[in-house]
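**Q** got a sequence here, can you build the structure:
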Amino acid sequence: MSLNARVVNGGEIGAAQYLQALAAGVEPDVRMNPILVKPEADDRSQVVVLGQVDHGLSRQRWRERSSSLWPVAAQALHELLAEFELVLLEGAGSPAETNLRSTDLSNMRAAHVADAPVLLVADIDRGGAFAHLFGTWALVGEDDRRRLAGFVLNKFRGDERLLAPAPDELERATGMAYVGLLPFVEHGLPDEDGAARPPPRPGAPRVAAVRYPTASNLDELKPLEQVAELVWARDPGDLAGVELVVLPGSKHVSADLAWLRQRGLDDAIAAAARRGTRVLGICGGLQMLGEEIVDPAGIDADADGLGLLPVRTTFERRKRTESVAVAFARLPDPWHALSGKCVRGYEIRHGETTPKRPVAEALPGGRGFVRRAVLGITIHGAFEQPEVVAAVLGRDSEWNLDAVFERLADLVEERIDLDGLARVAGLA
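**A** A predicted model of the protein is given here:
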């Protein structure tokens with residue numbers, strides 16, 4: 001379940017699974033995330049099956065979906081097991097959530113099908129890690145318990161010697177081996193839902209990203225943290241003193257527009273644009289910047305936009321998911337530094353945005369529009385290119401995904417018993 005997704009061959013998968021595939025050195029595949037659930041409200045979500053939206057399943061209640069979804073997940077798992085020497089299964093939530101056991105798709109049910117040993121990973125930074133580990137061991141059924149081979153403590157701060165004797169006591173009480181401890185590090189990877197508080201960058205340009213309730217693909221803003229004071233804006237005061245306002249993607253554009261108006265952010269964003277502060281809308285953010293949302297397909301809802309770009313967005317039932325590489329047109333100030341820059345990214349959207357009146361096209365094919373300080377684009381991922389970050393903020397970003405993977409791999413190799421894990425996995 002995530003609002004952060006990436007485009008791969010066949011459709012879209014969660015950003016976490018996409019990054020995990022890249023870290024493993026393999027091509028991301030829709031089978032690696034056969035079922036992606038994208039929340040649209042507290043009681044509603046869009047279901048993506050093997051990369052494509054399933055509107056029928058999206059209308060069903062969660063417990064009614066399981067019988068249709070499990071065969072898809074099982075088939076994907078069997079295919080991957082046949083193709084790879086080692087397959088890592090990441091659970092969702094907890095295997096001890098007894099209220100969800102009957103509809104479990106991604107925890108112990110998958111482990112049994114794969115005949116896989118299971119590691120429990122506890123976030124010790126939140127506190128109560130040993131209670132969580134013991135409680136999970138105690139609450140799962142006897143068949144599940146036999147698969148629990150070990151445990152890992154993650155995000156530890158402080159003196160490791162203070163943990164004794166708790167790891168040994170838990171080993172004796174449960175039979176699970178203590179595999180290792182990973183310290184809390186600023187790893188540089190996007191958060192799974194892009195919601196963590198960005199680190200402070202005193203003296204850096206201040207950038208406000210508006211975080212409405214169903215903001216999506218926030219992971220693409222992670223590279224900005226290296227060169228900017230990035231803040232999640234939820235109130236008008238959060239826009240004070242910023243050099244750039246970003247309206248990110250949205251899973252429910254009309255509802256997020258209503259939230260903007262309720263918080264007074266609509267007027268604050270318009271006032272910032274009038275002062276010459278740059279306002280950038282990405283995908284759903286572009287749609288919000290327009291004058292109206294028209295939804296004959298019943299995907300989102302009709303709505304009035306912010307009116308900062310003279311465009312209209314019409315929602316279609318078909319969802320566009322594709323990789324894109326295009327170049328910016330010659331842009332006016334204050335966006336001139338982006339002129340001619342190639343942007344390589346991806347599109348995940350139902351809406352098609354078209355001009356209502358003459359407006360300068362920022363990207364070809366209706367993928368971007370610009371009017372003075374306001375720029376809207378349909379493409380995600382632009383900030384993952386250092387040259388785009390430098391053009392927008394005047395500072396070079398050294399963010400490099402391969403380097404992030406290498407640092408994390410070195411850390412894991414240093415702190416985790418990999419030989420023991422190999423024996424557990426039958427690779428040694």
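
**Q** how long is stretch 352-360 from one end to the other?
**A** Terminal residues of stretch 352-360 are spaced 17 Å apart (Cα to Cα, to the nearest Å).

**Q** buried residues in that stretch?
**A** Neighbour-count burial for stretch 352-360 flags 352, 353, 359, 360 (criterion: 16 or more other Cβ atoms under 10 Å). All C-beta spots, glycine's among them, are computed from the backbone N, C-alpha and C.

**Q** so what touches it?
**A** 286-287, 290-292, 309-314, 316, 329, 331-332, 366, 369-371, 376, 378 (Cβ atoms under 8 Å, 6 or more residues apart in numbering).

**Q** cutoff 7 Å now
**A** 286-287, 290-291, 309-314, 316, 366, 369-371, 378 (Cβ atoms under 7 Å, 6 or more residues apart in numbering).

**Q** what do you get for stretch 247-264?
**A** The contact list for stretch 247-264 (Cβ under 7 Å, 6+ apart) reads 3, 38-41, 209-210, 212-218, 221, 234-236, 266, 281-285, 287-289, 293, 300-301, 303, 305, 380.

**Q** put the buried members of these into a PyMOL selection.
**A** Selecting the buried subset of the contacts of stretch 247-264 in PyMOL, with 16+ other Cβ under 10 Å as the burial test, is done by:
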select buried, resi 3+38+39+40+209+210+212+213+214+215+216+217+218+221+236+266+281+282+283+284+285+287+288+289+293+300+303+305+380
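
**Q** which ones are touching the nearest residue to residue 337 once chain neighbours are set aside?
**A** The shortest distance from residue 337 to any non-neighbouring residue, by Cβ to Cβ, 6 or more residues apart in numbering, is to residue 391 (4.0 Å). With contacts defined as Cβ under 7 Å, 6+ apart, residue 391 is in contact with 337, 338, 341.

**Q** as TSV, the residues you listed with pLDDT would be great.
**A** TSV is the format used below for the contacts of residue 391 (pLDDT from 0 to 100):
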residue	pLDDT
337	98
338	98
341	97
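
**Q** pretty sure residue 320 sits against residue 347.
**A** Yes - here residue 320 reaches residue 347: they are 5.4 Å apart, a contact under Cβ atoms under 7 Å.

**Q** who's more crowded, the two?
**A** Shown here are residue 320 and residue 347; by other Cβ atoms under 10 Å, residue 347 has more neighbours (19 against 15).

**Q** look up how far residue 22 lies from residue 399.
**A** Relative to residue 22, residue 399 is positioned 14 Å away (Cβ to Cβ, to the nearest Å).

**Q** between those two, tell me which one has more neighbours.
**A** Between residue 399 and residue 22, counted using other Cβ under 10 Å, the more crowded position is residue 399 (19 against 15).

**Q** pLDDT score assigned to the more buried one?
**A** On pLDDT, residue 399 comes in at 76.

**Q** which residues does it contact?
**A** Contacts of residue 399 by Cβ under 7 Å, 6+ apart are 188, 223, 226, 386.

**Q** now, which of the residues you listed lie within helices?
**A** Those of those mapping onto helices are residue 386, per DSSP state H.

**Q** so of the contacts of residue 399, which ones are in strands?
**A** Per DSSP state E, strands hold no members of the contacts of residue 399.

**Q** whichever of the contacts of residue 399 end up buried, select them in ChimeraX.
**A** In ChimeraX syntax, the buried subset of those is picked out as below (16+ other Cβ under 10 Å):
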select :188,223,226,386
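
**Q** and of the contacts of residue 399, the nearest to residue 88?
**A** residue 188 (20.7 Å; Cβ to Cβ).

**Q** now do the helices in this protein.
**A** 15-23, 55-59, 62-83, 108-114, 129-139, 142-145, 166-174, 253-263, 265-274, 284-289, 386-393, 401-415, 418-424.

**Q** ok, the closest residue in space to residue 420 that isn't next to it in sequence to residue 132 distance?
**A** Nearest residue to residue 420, sequence neighbours excluded (Cβ to Cβ, 6+ apart): residue 179, at 6.4 Å. Separation of residue 179 from residue 132 (Cβ to Cβ): 16 Å.

**Q** the two: who's more crowded?
**A** residue 179 (21 against 18).

**Q** check what pLDDT the more buried one gets.
**A** Residue 179 is given a pLDDT of 93.

**Q** please apply the same query to the one 5 residues further on.
**A** The model reports residue 184 with a pLDDT of 93.

**Q** check contacts around it.
**A** With contact set as Cβ under 7 Å, 6+ apart, residue 184 has these partners: 125, 155, 156, 157.

**Q** count the residues that sit near residue 203.
**A** Based on other Cβ under 10 Å, the number of other residues close to residue 203 is 7.

**Q** now swap in residue 385 and tell me
**A** Residue 385 is flanked by 18 other residues according to other Cβ under 10 Å.

**Q** so it sits right up against residue 345, yeah?
**A** No - taking Cβ under 7 Å as the definition, residue 385 is not a contact partner of residue 345, at 8.3 Å.

**Q** nearest residue to the residue positioned nearest the centre of the chain in space, please, no chain neighbours.
**A** Centre of the chain computed as the mean C-alpha position; nearest residue by Cα atoms, centre = their mean is residue 4, 2.7 Å away. In space, and not counting its chain neighbours, residue 4 is closest to residue 15: 3.8 Å by Cβ to Cβ, 6+ apart.

**Q** perfect, that will be all.
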